[in-house]
Structures are given as structure tokens and as C-alpha cells.
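Novice: Please work out how this folds:
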Amino acid sequence: EFEFAEVFGERGGFDVILGNPPWIKLQWSESGILGDLRPTLELRKLSAKQVADQRDEALSSPSARADYLAEFSGMMGTLGFLNASSNYPLLTGVQTNLYKCFLTRAERLRRKSGACGFLCQPGIADDPRGGHFREWGWASTRLFARFKNSLFLFADVHDNAQFCILVFGQAGRGTFFNVSNLLHPSTLDGSFEHDGHGPVPGIKDEEGQWDLRPHASRIVEVDEDALTLFAKLYDAPGTPASQARIPVVHSQEMLSVLRRFADAPRKLADEEGNYYCTVCFDETGRQRDGTIRRETRFPNNPGEWVVSGPHFFVGTPFNKSPNEGCRHRQDYSVIDLTQINEDYLPRTNYVPACSAAEYRERAPSWKGRPVTDFFRHVHREMVAPTNERTLVPCILIPGAAHVNTLLAVAFSSESLLLDYSSLAHSLVIDFFIKSTGMGHVNKTLSTQLPISTSDYALAAHDRTLRLNCLTTHYAPLWNRNLPETILP
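Specialist: Model (predicted):
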């Protein structure tokens, strides 16, 4: 305001503000400063626990401790300023990211009739704690165009990275344009000029190449009715439409599909008390407290198997096995299911580090039993909406535990397990998860998924059992639930 006093004094702010603010999620990580003090910690790509174990040795000198404390206090001071509700009231409770601070600051710097345009991350659309931020945002938004970096427009960024063009101005219009799955700006420009005739192009053409053709239907006008639909589908019950998360809607035609999801008569959230969600063991914390330890070997029984994400795929609980001495998530080999024994278990990267009784005691419990006593639906918590399959579920055997990169759901009955998991295996639910644009299928999103109520539920049970029941560990589930008659 002091630098451009005439702008604010005579006009009330800037007419136009454009920018590409830094996309930096600020959080304290000691590995950087410890790597500067002892480069071998960084070069060896040690885990967080391994770095923590060597912290005292790295900070043995007074100068090293002083550098560490200076870095820590500087970061804590920055976070304290950016998280202060008096400085950024719209971001209270929201994960700190510098671009969000720029957005709210620009709102204060523009004149009443001015406009702002930013190239930033699309986190405003799906931050689970960003309701008040969205309430301000959607009221003033004119265009929300979501891109994927598949063409490497940003050459130094991963091709799965997402970014958006966000244009906002004076509140009160009541609608804004939402365009998703963009790969190049030319598609956005052309869609505003398209006459609306012809089929809507997909993401790839028949030759498997990225399809950049524009179409008028790619531009979805979001009004209060659409926001109400989105809030019902993607947010907790009672969320105001003005705070709704915005899904990835490829074209106007998709809105009718989403309305069918909203009309689903039965969702997991409706079964309160009949299910239990858990991430089981925190991969770092449970090593630190002596519950599990890193050791790659074949387990002697399911109670020694700690499942990780690469172990399974859609309807395939035994998809990959860690290689001997496994070092990272690509260090796995595909399992040939035609060659495994009837009681086969793949290698595990973690094994119990305490007695069997103590291990059961430390597992999450539900209905007075360790959750590991149940057959459970399990899926990868972190997902990639741009992959061929986004939701990756299977059924996990009793005894096996898992790390917190997965989310498991135990059920009060195996019938309910199959009702839920059979739909979760389907392309229909995978489409729904893709539409969220989110990178995590957490408890909130998992409980919003529908449960099968159709006449074809038994057929879905049959298919799910045939896909998952690959060894004798699944025999009880198979024998108790395989339908005697299958609908066509």
C-alpha cells in the first residue's frame, strides 16, 4: 500500500493481478539440515527412523546444534506467521502452502471491480479442511481450469503433477466455469469457441495419443445446484453447498452420472457401528516403539505378514513380492499365480518385533478383538487419478497387519464386507474416485462410497470371491459365502 499509494488511494486497489506464486508446502523436516551437516545421511536415502537414530551423533558439536536450532526456529517462526488467523483468516486450519497465502492476499489488493488470475495447484478444490477458504473462493471464482502435466509443459515437474488456472473477481455472480482434464491451453481456448456439435473427446484418442480437441461440453457451468450435488457426494453430511469440494468433471454429460451416485440408497456411512476403518501400523512410529522391525523375508504364518501397497492390486491380494533385500517400492517382482502353493504368502518387509501376545495387544481393536482377526477390505490410501486404475482394493486375510499407506475396513458381517468390497472392485467406483481428483482415499471418502443393494449383489460376491480367494487362507470366507446359485 505504501509503494503504490496512488493505486489504493485513488482506485481502491489494482485492476488486474496476475501471478504464478510458489507452490511450497511449508513443514519442518530435519533431514535437510542434518544432510547439510552430514551429507552421507542424504546420499544414502535413509528412512526417517534411520535419520532420527543418527541425529545425536550428527549434532554432537556445538556449531552443529546451533545451526540445527537456527533452522528449526526460523521455520517455526515462518509457520507461526503464516498460520496466524489474524494474518490469513481464510486459511485457519488449512495446510500451509504459500500459493494459498498469495490468493487471499491478492483478494485484499484488488479493487472491488478488479480481477485476479493465478497459475497454482488445485488444492483449493479438495482440501478437506478448506471449507471456509472455498466459501470465499467459489463466491468470487470466474474460471477454475484444471490441468495435468502429461505433455511436460513444466519440463522439470512430474507428468502426474496437476495445476490449475484460477480466475476470480467480485463476488455475487453465482456461477463459474469449471474445466477439467486439460493437457494444453489450446483445448481451453477452443472449447469456449466450439459450436457444441459432435461427440465429446476423451482424454486419449483411438490411437492412444493424448486428445487435445476442444468441445463446448468440456466447459461445465457450476451453479448452486451443482455445488449442492458435489457437497452431497464428496463432503461430510451437513456441509454447506458453498463449501463443496469440486470434482474432476470431464464434460457436462458427467453431471447426470454423478446425480445417479447421489441417489444411491445405501452408503458405508449409513452403516455406523457395523464397520471400522483403520490404517493399522504407522510405518515409522511402530518401528520406533518396537512393534515391527524391518526384515525382508518370507513369513512363517499370516501373523508375520505386514502388507505394503505393492503387495496387491485390484482383486489380487498376491500381486508382487519384495525382492530379497528390498530397498524401495519398485524393488518387487510379479507373482506367478499359476506357480504358488495353496498356503503361499509373499515376502514381507516388516515382521513383529515383540512377542505374539504383545503384537496382538498393540493392533487396533474393534468389538473387543484385534482388527487383524477379521477378513478386511483394504485399499491403497494414496492413489493416482491419472493411472489406468485409481482405487486399488482387495480382501485381506486374518492375521495379516499392514502399514499406514493402506486403509482397511473391518465389518460386522462378511456379507456386508462383500457388499462393499465387490462394488469397490468395479470400474464404476473407480470412475467415482477419479472424479474426486484427490490423491488420497481416506476414511472420509471411503465412507461415502455406495454399498451394493441390487439384484446382482450375489453375482458380484461370486466374482469378488473368485478373484481374491487364491489360497487356503481364504477357505473360511469362500466356504461361508460362495453363492449356491449365481444370477446371469
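
Novice: distance between stretch 470-481 and the chain's centre?
Specialist: Relative to its chain's centre, stretch 470-481 lies at 31 Å (C-alpha atoms, centre = their mean, to the nearest Å).

Novice: Identify each buried residue in it, please.
Specialist: 470-471, 473-474, 477, 481 (16 or more other C-beta atoms under 10 Å). To be clear about C-beta, it is placed using only N, CA and C from the backbone, and glycine gets the same treatment.

Novice: Closest one to D263 out of the residues you listed, please.
Specialist: N481 (28.1 Å; C-beta to C-beta).

Novice: For stretch 405-421, measure first residue to last.
Specialist: 18 Å (C-alpha to C-alpha, to the nearest Å).

Novice: Which strands and helices lie in contact with the longest helix that the chain contains?
Specialist: Using DSSP state H to define each element, the chain has its longest helix at helix 62-82. Here helix 62-82 touches helix 30-37, going by 3 or more C-beta pairs under 8 Å, 6 or more residues apart in numbering; DSSP states H and E.

Novice: Which elements pack onto the helix it packs on?
Specialist: helix 39-43, helix 48-53, helix 55-58, helix 62-82.

Novice: what residue ranges in this protein score low on pLDDT?
Specialist: Along the chain, the model assigns pLDDT under 70 to residues 41-51, 484-488.

Novice: In helices only, show me the buried residues of stretch 470-481.
Specialist: 477, 481.

Novice: Just the closest of the buried residues of stretch 470-481 to R294, please.
Specialist: Among the buried residues of stretch 470-481, and counting by C-beta to C-beta, the member closest to R294 is H473, at 24.0 Å.

Novice: residue nearest the centroid of the protein?
Specialist: H440 (1.4 Å; C-alpha atoms, centre = their mean).

Novice: so K112 touches G13, yeah?
Specialist: Yes: if you go by C-beta atoms under 8 Å, K112 and G13 touch, sitting 7.5 Å apart.

Novice: Between the two, tell me which one has more neighbours.
Specialist: G13 (18 against 10; other C-beta atoms under 10 Å).

Novice: Which of the three states applies to the closest residue to the more buried one other than its chain neighbours?
Specialist: Distances taken as C-beta to C-beta, 6 or more residues apart in numbering put R111 closest to G13, at 3.7 Å, once the chain neighbours are dropped. At R111 the chain is in strand, as set by DSSP: H, G, I helix; E, B strand; the rest coil.

Novice: need the contact list for R111.
Specialist: By C-beta atoms under 8 Å, 6 or more residues apart in numbering, the contact set of R111 is 11-15.

Novice: Show the buried residues in those.
Specialist: Using 16+ other C-beta under 10 Å as the threshold, 13-14 are the buried ones among these.

Novice: now the contacts of R111 as a markdown table including secondary structure?
Specialist: Output for these, formatted as a markdown table (three-state DSSP):
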| residue | secondary structure |
| --- | --- |
| R11 | helix |
| G12 | coil |
| G13 | coil |
| F14 | strand |
| D15 | strand |
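
Novice: Out of the contacts of R111, which comes closest to F313?
Specialist: When the contacts of R111 are compared against F313 (criterion: C-beta to C-beta), the nearest one is F14, at 51.3 Å.

Novice: isn't the closest one right up against A115?
Specialist: No: contact between F14 and A115 fails when scored by C-beta under 8 Å: they sit 9.4 Å apart.

Novice: where do the strands sit along the stretch 151-300 of the chain?
Specialist: 162-168, 176-182, 220-222, 275-278, 292-297 (DSSP state E, counting those that start in this stretch).

Novice: For E304, which of these is the nearest?
Specialist: Per C-beta to C-beta, nearest to E304 of the strands of the stretch 151-300 of the chain: strand 292-297, 8.7 Å.

Novice: Can you give the contact residues for whichever helix or strand comes after that closest one?
Specialist: Going down the chain from strand 292-297, the next helix or strand is strand 306-307, by DSSP states H and E. Applying C-beta under 8 Å, 6+ apart, the contact partners of strand 306-307 are 281, 292, 348-351, 378, 396, 400-403, 406.

Novice: let's see it at 7 Å
Specialist: Strand 306-307 is contacted by residues 281, 292, 348, 350-351, 396, 400-403, 406 when judged by C-beta atoms under 7 Å, 6 or more residues apart in numbering.

Novice: likewise stretch 9-26?
Specialist: Applying C-beta under 7 Å, 6+ apart, the set of residues contacting stretch 9-26 is 7, 78-79, 82, 95-99, 102, 106, 109-112, 114-121.

Novice: one more time with 8 Å
Specialist: 4, 7, 75, 78-79, 82, 95-99, 101-103, 106, 108-121, 163.

Novice: how close does T372 sit to A155?
Specialist: 46 Å (C-beta to C-beta, to the nearest Å).

Novice: Now distance to R327 and mean neighbour count too, for the strands of the stretch 151-300 of the chain, in TSV please.
Specialist: Below are the strands of the stretch 151-300 of the chain laid out as TSV (distance: least, C-beta to C-beta, whole Å; neighbours: other C-beta atoms under 10 Å):
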stretch	distance to R327	mean neighbour count
strand 162-168	29	21
strand 176-182	35	22
strand 220-222	44	18
strand 275-278	28	20
strand 292-297	9	16
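
Novice: Among the ones you listed, which comes closest to P128?
Specialist: strand 275-278 (14.8 Å).

Novice: if I look at the closest residue in space to H158 that isn't next to it in sequence, how far off is E414?
Specialist: Once flanking residues are discounted, H158 sits nearest to N149: 6.9 Å by C-beta to C-beta, 6+ apart. Distance of N149 to E414, computed by C-beta to C-beta: 43 Å.
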